[in-house]
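Engineer: need coordinates for the following:
(one chain, ligands or ions: 2)
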Amino acid sequence: MTKWVYSFGDGQAEGRASDRNLLGGKGANLAEMSSLGLPVPPGFTITTDVCTHYYANGRTYPPELEAQVEKALEEVGRIAGRRFGDPERLLLVSVRSGGRASMPGMMDTVLNLGLNDATVEALAADADDARFAYDSYRRFIQMYSDVVLGLDHEVFEEILADEKGRLGYDVDTEFSADDWRRILRLYKERVESELGEPFPQDPRKQLWGAIGAVFSSWMNPRAVTYRRLHDIPESWGTAVNVQAMVFGNMGETSATGVAFTRNPSTGEKALYGEFLVNAQGEDVVAGIRTPQSLTEAARLETGSDKPSLEKLMPEVFATFVKTAERLEAHYRDMQDLEFTIERGKLWMLQTRSGKRTTAAALKIAVDMANEGLISRAEAVCRIDPAALDQLLHPTIDPDAQRDMIAAGLPASPGAATGEIVFSPDEAEEMKARGIPVILVRVETSPEDIHGMHAAEGILTTRGGMTSHAAVVARGMGKPCVAGAGTIRVDYRAGTMSSLGRTFGKGDVITIDGSTGQVLAGKVPMRQPTLSGNFSTIMEWADAVRRMGVRANADTPTDARTARSFGAEGIGLCRTEHMFFDDDRILAMREMILSDTEEERRRALSKLLPMQRADFIELFEIMAGLPVTIRLLDPPLHEFLPKTEEEIAEVAAAMDVDPDRLRQRTETLHEFNPMLGHRGCRLAICYPEMAEMQARAIFEAAAEAARTTGAPVVPEIMVPLVGIAAEFTLVKAMIEKVGKEVLAEAGAEIDYLIGTMIELPRAALGAGEIAREAEFFSFGTNDLTQTTFGISRDDAGSFLEIYRQKGILEQDPFVSIDVEGVGALVRIGAERGRAVREAMKLGICGEHGGDPASIAFCEEVGLDYVSCSPFRVPIARLAAAQAACRGE
Ligand code: PEP
Ligand code: MG
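Structural biologist: Ligands and ions are numbered 1, 2, ... in the order given. Take a look at the predicted model:
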């Protein structure tokens, strides 16, 4: 019989941390904590397989489930010394979701389940506190009605507000037990009038209602969006955790809190967290009351006058610190903990590897390796390469003038500038129009994530470091300032004001998520550099990676950036970009408009010195590192004017008849320019162009070798080869020029002549091409385009629909299509190496900077990847991780 339910509690558990897929993260870790003998309220986990069954069978459960749940409930009761539904020995439970991957706040939770008109009196007697019992019951009605019965919680907020107004109270805590009793009656009447039936009194009916709601919440629109943004497969499903309730709201010796074993923002090795006295679980995260610091050190730092847990409950605090240390050592990673203190007794409700900023991730990984907790290779594998992007974004220039509007908490680092918007939908609309925005909210909720995603940064006026805005922004790597308390937001007027100044929608502000400052206007930013823990991890990564990392760089600025990020050469210099400058485009156009070879050569001779100067600079910057220069690739019409206005202007500047220019432009028009007269086809039809470029390269190499004194190794690359004979022809031209130039200069330069493999024909014919080609660089942009027959320039209009319909999981222009394009790369590599064993193989399509594609390149045994300069650190790390995994 299938086991659908796994119990835990009393120092034992049927599951383990490694059962994450089956029990979800929360359930697996509750089981693990319980086996470690830590104080975990007893409970059980209904597996993710039940979720799968539920959706595959018209939202029904496996037949054996009910009996298994009953048995597990009995066991929970036995451990707790109570019995579910029994007013004499009252057992209340919580029902929570918990998938394989954490999806904070996306799914539903019900607390205090099992309360009804009878058991609430038992709870009152049990706790010797009627107010507490009634308050718990009304919270339960509110939560259950919202989550299970679909009744908006505002219905209840309204009743509360009315009663408060009527009685002249300011806060909920002023309600007496009698007040609560009356409110409960109003709540229940409201449920009955809205839904046409009374609030369910049968605890078992309540339980199954909650279980069903949690499974159903897997498909709610929030959860679906979150999964799409985080690439979490729908098929994973969620588990449901049912657990004996413990109460953090049983008076002043009770509390509830969250903690990280190290600071999730900076990585500092110090317990970090917040708690609320006399509060229930969700109150801390909700950001409604301002929480207190756990440690005295943190309290002093924030300047709060509310006591820390360390001061308030020293014994429980000491137990908690020990527990936190034990969990961190056990999991060998920073943990994110949830706990409740019920009348002076500590209960652990959750542990999991904590989300952290990239800066914190780097520090924690480096520290843990230095502490001997993990190895250096593990430290390297702990960092998500894509997340490095966070550190590769600008920060505010320290010398910049700061016109401060307000200050809040530094909830997620980095700086961002944009126009103010107040709603997530507006953020999305503006983003679609290409306008950067800062999303300003009182606080955020899971409904806002699409807007948070679209915004450059997020600013909230309420909530702490663990508020929804803070947690989600950190996960997204977006700058966030949370809890900027002096700001008043008026959604209706579309304004925010702080300290006497008012800003409206569309006004530009800058937020600094590293300091918590909110600044008026656009502020100068500073480009990122590699330093501290970042460079340590990079060094450790370099020690384990096998593949080289080069950059795609066409300009001296690109080349310098690439080097500062550790590129080991240039893997692709697209020479066409060098012809668009104002002083060159004219000569280029003259060349294109020429009718005879002689005229063409004349125009080319004007371009030669400029092109040579470009290459000298690149060779000098790369100081002895390999530089791959590709011959002209795009179709020539790209260099010609397009509109009538431009044609007239260019004709005047070139002193030619506009009609002739128009005619020539029309002659060059192609229906499929990407499949047209481009790549090596240009060199074949106009050899003088390739000759000029080859001459510029050789002359520059000779010159740079002389000035730098370092060897210069140009790698000359022929684009868009499909047939070996194309390559043979172009190679012969280049070699002839090389011989001439080197003889003229009296220089000896080692050079290689190779080709891009970017057409299926080239991959298949790689063996033949390799007889002549000395290296291959896989151009996976064109290879993807030509393998799929999908235009790289037009794919955007339908690829998203393909993704939504599940036809393609990922955009193949972003992450390599392993089965199709990847197979061609593999064939190209194998056939190439079969002919030329030690042949250098690289990749220079966009995939060279994508971690998943880099892992594929490692598998195929490429020698290097080449990517845009800002992705070089990402590629270094991804290459290291790929090497570790391959071992
Ligand atoms: C490629 O096709 O992958 C490539 C790198 O060349 P380009 O993007 O310039 O066509
Ligand atoms: Mg290409």
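
Engineer: can you list contacts of the helix or strand hosting residue 874?
Structural biologist: Element membership for residue 874, per DSSP states H and E: helix 872-886. Residues outside helix 872-886 that contact it (C-beta atoms under 8 Å, 6 or more residues apart in numbering) are 377, 380-381, 383, 385-386, 388-389, 392, 530, 534, 537-538, 540-542, 544-547, 549, 551, 562, 565-567, 848-851, 854-855, 857-859, 865, 867. Quick note: C-beta positions are derived from backbone N, CA and C, even for glycine.

Engineer: out of those residues, list just those in helices.
Structural biologist: Secondary structure from DSSP state H places 377, 380-381, 534, 537-538, 540-542, 544, 562, 851, 854-855, 857-859 of these in helices.

Engineer: in a helix, that's where residue 96 is, yeah?
Structural biologist: No. Residue 96 sits outside any helix when classified using DSSP: H, G, I helix; E, B strand; the rest coil, being strand.

Engineer: I'd assumed residue 113 was in contact with it.
Structural biologist: No. Using C-beta atoms under 8 Å, residue 96 is not in contact with residue 113; the gap is 10.6 Å.

Engineer: out of these two, which sits in the more crowded spot?
Structural biologist: Between residue 96 and residue 113, counted using other C-beta atoms under 10 Å, the more crowded position is residue 96 (27 against 23).

Engineer: tell me the contacts of the more buried one?
Structural biologist: 26, 109-110, 214, 240-241, 243.

Engineer: any idea how far it is from residue 234?
Structural biologist: Counting by C-beta to C-beta, to the nearest Å, the gap from residue 96 to residue 234 is 20 Å.

Engineer: equivalent analysis for residue 43, please.
Structural biologist: 26 Å.

Engineer: out of the two, which sits in the more crowded spot?
Structural biologist: Set residue 43 next to residue 234 and count neighbours by other C-beta under 10 Å: residue 43 wins out with 30 against 13.

Engineer: got the phi/psi numbers for that one?
Structural biologist: When read as degrees, to the nearest 10, the backbone of residue 43 gives phi -180, psi -170.

Engineer: my read: it touches residue 240, true?
Structural biologist: No. Applying C-beta under 8 Å as the test, residue 43 and residue 240 come out as separate, 10.4 Å apart.

Engineer: how about the helices of the stretch 151-300 of the chain, start to end?
Structural biologist: 154-167, 177-195, 203-217, 221-229, 282-286, 296-302 (DSSP state H, counting those that start in this stretch).

Engineer: tell me which other helices or strands the last one touches.
Structural biologist: So the one you mean is helix 296-302. In terms of contacts (3 or more C-beta pairs under 8 Å, 6 or more residues apart in numbering; DSSP states H and E), helix 296-302 is packed against strand 292-293, helix 309-312.

Engineer: can you pull the buried residues of it?
Structural biologist: Buried positions in helix 296-302, judged by neighbour count with 16 or more other C-beta atoms under 10 Å: 298-299.

Engineer: how about the fourth one?
Structural biologist: In terms of neighbour count (16+ other C-beta under 10 Å), helix 221-229 has its buried residues at 222-223, 225-227.

Engineer: again, but for the first one
Structural biologist: Taking 16+ other C-beta under 10 Å as the neighbour-count basis, helix 154-167 is seen to contain the buried residues 156, 159-160, 163-164.

Engineer: for that helix, the distance to its chain's centre please.
Structural biologist: On the basis of C-alpha atoms, centre = their mean, to the nearest Å, the separation between the geometric centre of helix 154-167 and that of its chain is 41 Å.

Engineer: who are the packing partners of it?
Structural biologist: Helix 154-167 packs on helix 130-147, helix 177-195, going by 3+ C-beta pairs under 8 Å, 6+ apart.

Engineer: so which of these is nearest ligand 1?
Structural biologist: Closest of those to ligand 1 is helix 130-147, at 49.7 Å (criterion: C-beta to the nearest ligand atom).

Engineer: can you dump the C-alpha atoms of the closest one in CSV for me?
Structural biologist: Extracted C-alpha coordinates of helix 130-147, given in CSV (Å, rounded to 0.1, in the frame of the first residue of the first chain):
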residue,chain,number,x,y,z
ALA,A,130,-10.8,33.7,27.8
ARG,A,131,-9.6,36.7,25.7
PHE,A,132,-6.9,34.7,24.2
ALA,A,133,-9.3,31.8,23.3
TYR,A,134,-11.8,34.1,21.7
ASP,A,135,-9.2,36.0,19.8
SER,A,136,-7.8,32.7,18.5
TYR,A,137,-11.2,31.5,17.4
ARG,A,138,-11.9,34.8,15.6
ARG,A,139,-8.6,34.6,13.8
PHE,A,140,-9.4,31.0,12.8
ILE,A,141,-12.8,32.0,11.5
GLN,A,142,-11.2,34.8,9.5
MET,A,143,-8.4,32.7,8.1
TYR,A,144,-10.6,29.7,7.4
SER,A,145,-13.3,31.7,5.7
ASP,A,146,-10.7,33.5,3.5
VAL,A,147,-8.7,30.4,2.6
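
Engineer: any idea what the residue lying closest to residue 82 once chain neighbours are set aside is bridged to?
Structural biologist: If the residues on either side of it in the chain are set aside, residue 82 comes closest to residue 91, at 3.7 Å by C-beta to C-beta, 6 or more residues apart in numbering. Bridge pairing for residue 91 (DSSP bridges) gives the partners residue 84.

Engineer: could we number from 11 for the rest of this?
Structural biologist: Let's use 11 as the start, then, which means that last one is residue 101.

Engineer: got the confidence number for residue 101?
Structural biologist: The model reports residue 101 with a pLDDT of 96.

Engineer: any idea how many residues pack against it?
Structural biologist: Counted with other C-beta under 10 Å, residues neighbouring residue 101 total 21.

Engineer: same thing with residue 438?
Structural biologist: Residue 438: 18 neighbours (other C-beta under 10 Å).

Engineer: what's the distance between it and ligand 1?
Structural biologist: For residue 438, the distance to ligand 1 (C-beta to the nearest ligand atom, to the nearest Å) stands at 30 Å.

Engineer: please apply the same query to residue 650.
Structural biologist: Counting by C-beta to the nearest ligand atom, the separation of residue 650 from ligand 1 is 19 Å.

Engineer: how many residues are close by that residue?
Structural biologist: Per other C-beta under 10 Å, the neighbour tally for residue 650 reads 20.

Engineer: before we move on, what about the one 4 residues further on?
Structural biologist: When counting by other C-beta under 10 Å, one arrives at 10 neighbours for residue 654.

Engineer: check residue 753 too.
Structural biologist: What residue 753 shows, counting by other C-beta under 10 Å, is a neighbour count of 9.

Engineer: what do you get for residue 603?
Structural biologist: 22.

Engineer: that one contacts residue 673, doesn't it?
Structural biologist: No. Using C-beta under 8 Å, residue 603 is not in contact with residue 673; the gap is 9.8 Å.

Engineer: find residues that contact each of those two.
Structural biologist: Common neighbours of residue 603 and residue 673 (C-beta under 8 Å, 6+ apart) do not exist.

Engineer: so what pLDDT did residue 294 get?
Structural biologist: 68.

Engineer: what does residue 421 give?
Structural biologist: What the model reports for residue 421 is a pLDDT of 79.

Engineer: one more: residue 487?
Structural biologist: Residue 487 is given a pLDDT of 67.

Engineer: okay, the residue in the stretch 411-560 of the chain positioned nearest to ligand 2 and residue 645: tell me how far apart.
Structural biologist: Per C-beta to the ion, residue 560 is where the stretch 411-560 of the chain lies closest to ligand 2, at 16.2 Å. Counting by C-beta to C-beta, the separation of residue 560 from residue 645 is 26 Å.

Engineer: so those two - more neighbours on which side?
Structural biologist: Neighbours per residue (other C-beta under 10 Å) separate residue 560 from residue 645, with residue 560 holding more: 30 against 19.
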